[in-house]
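Enquirer: Below is the sequence, then the predicted model.
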Amino acid sequence: MEKPIKKYKKKVSNTLPLLLIAAPGLLYLLINNYIPMFGVFIAFKDVDFAKGLFGSDWVGLKNFEFLFRTSDAWIMTRNTILYNVAFIILGTIVSIFIAILMAELLNKFYSKFFQSGLVLPNLVSMVIVSFLAFAYLNADSGFINHSILEPLGIPAINWYSESKYWPFILVIIQLWKTAGYGSIVYFGFIAGIDKSIYEAAKIDGAGKLRQIFMITLPLLTPTIILLGLMSVGRIFNSDFGLFYQVPLNAGALYSTTQTIDTYVYRALMQVNDIGMSAAAGLYQSLVGLILVIVANGIVRRVNSDNALF
């Protein structure tokens, strides 16, 4: 009887430090992600503050009709999906490219210096990013119009009234802000690859490019799939700051900058309907869950070892 007790105490003593390290993150997930799930019933109620959340009338799926009856339903759904697909694909490619370049830096000082520089944009608020973008895109004195187009004799462009440019602008800003941070995961994995594999490939006559395509990328595949599946779960969500703050909420740009999140926010500010906002959040979460399950099923059929579950 004493041996099982000793084994249990030893197991607790070994795992307790790890649990204490994970405690802040677990607490954050509990407060920010799990406790709010109890408020999912708000999506099915016509919230009346006089009656309270629990006393408000049930309206069934009426709140969900708001997302589908509007004439902008197709535009905001299209924008949300296509932008996220572009972010996932291009973000993965650029992050891996940066990670491979970082792995080739043998000098630790330069490696740490560039890592810090690449991560820095991720720490900058989207409000600050919007001002930086305005400094470049301002029609009157912006850097692009004043310092690039004007010397070349090209007419100035009113960027905040021309929606056709913004799919490219938003993708570039998103990549600038997140690609460096996303490369950390890939860089850490590349750093953990056994160097003897590369040495053996080098002896066999493989150059750097061949080593990347035959060793690095195949070994990165499980990590790419895992992060891709996690990103697919948020394909119906968008970075509110990117699509609202950076375009300065310009009405002329709604056809290419409006997503589900920004549309719901604008509608919420106008009609103050909390039930509608909760319905939009539930809709995004359910679709994200379904997409993760479907994508994981496809990966499982191709290669079960790389599946998330």
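Expert: Cool, the structure landed.
Enquirer: Every contact and neighbour count from this point should use C-alpha atoms.
Expert: Will do.
Enquirer: What ranges does the stretch 1-150 of the chain have for its helices?
Expert: 2-29, 62-69, 73-103, 108-123, 126-137, 143 (DSSP state H, counting those that start in this stretch).
Enquirer: could you point out which element follows the helix or strand encompassing residue 210?
Expert: Assessed by DSSP states H and E, residue 210 sits inside helix 208-211. Per DSSP H and E, the first helix or strand lying C-terminal to helix 208-211 is helix 217-232.
Enquirer: any idea which helix or strand comes after that next one?
Expert: helix 240.
Enquirer: Just tell me which of the helices of the stretch 1-150 of the chain ends up closest to residue 178.
Expert: For the helices of the stretch 1-150 of the chain, proximity to residue 178 was assessed by Cα to Cα; helix 108-123 is nearest, at 5.6 Å.
Enquirer: re the thing from before, ok, residues contacting the helix holding residue 210?
Expert: Residues from elsewhere that reach helix 208-211 (Cα atoms under 8 Å, 6 or more residues apart in numbering): 198, 201-202.
Enquirer: Centre-most residue in the protein?
Expert: With distances taken as Cα atoms, centre = their mean, the residue of the chain nearest its centroid is residue 231 (6.4 Å).
Enquirer: Now that one. Nearest residue, chain neighbours left out?
Expert: residue 88 (6.8 Å; Cα to Cα, 6 or more residues apart in numbering).
Enquirer: just to revisit the earlier point, in TSV, list the helices of the stretch 1-150 of the chain along with distance to residue 222 and mean neighbour count.
Expert: Putting the helices of the stretch 1-150 of the chain into TSV (distance: least, Cα to Cα, whole Å; neighbours: other Cα atoms under 10 Å) gives the following:
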stretch	distance to residue 222	mean neighbour count
helix 2-29	24	11
helix 62-69	36	16
helix 73-103	13	18
helix 108-123	23	14
helix 126-137	31	17
helix 143	42	17
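Enquirer: Out of those, which gets nearest to residue 299?
Expert: Across those, residue 299 has its closest neighbour in helix 73-103 (16.4 Å, Cα to Cα).
Enquirer: Please name every helix or strand in contact with that closest one.
Expert: Contacts defined by 3 or more Cα pairs under 8 Å, 6 or more residues apart in numbering; DSSP states H and E place helix 73-103 against helix 108-123, helix 166-191, helix 217-232, helix 254-257, helix 260-271.
Enquirer: What are the buried residues along the fourth one?
Expert: By neighbour count on 16 or more other Cα atoms under 10 Å, the buried set for helix 254-257 is 254, 256-257.
Enquirer: Same check on the longest one?
Expert: Burial within helix 166-191, assessed by neighbour count using 16+ other Cα under 10 Å, is assigned to 166, 170-171, 173-187, 189-190.
Enquirer: do the third one as well
Expert: Within helix 217-232, the residues that count as buried by 16+ other Cα under 10 Å are 217, 220, 222-225, 228-232.
Enquirer: same question, stretch 141-155
Expert: Neighbour-count burial for stretch 141-155 flags 142-146 (criterion: 16+ other Cα under 10 Å).
Enquirer: Over to that stretch now: how far is its first residue from its last?
Expert: End-to-end distance of stretch 141-155: 13 Å, with Cα to Cα, to the nearest Å as the criterion.
Enquirer: do stretch 124-143 as well
Expert: End-to-end distance for stretch 124-143: 20 Å, by Cα to Cα.
Enquirer: what sits up against that stretch?
Expert: For stretch 124-143, using Cα under 8 Å, 6+ apart, the contacting residues are 144-146, 156-160, 241-242, 245-248.
Enquirer: measure the residue nearest to the centre of the chain to residue 158 for me?
Expert: Noted for residue 231: a distance of 34 Å to residue 158, by Cα to Cα.
Enquirer: same question, residue 258
Expert: 19 Å.
Enquirer: ok, now residue 232?
Expert: Residue 232 sits 34 Å away from residue 158, going by Cα to Cα.
Enquirer: quick one: low-confidence ranges for the protein?
Expert: For the chain, the stretches with pLDDT under 70 are 1-9, 12.
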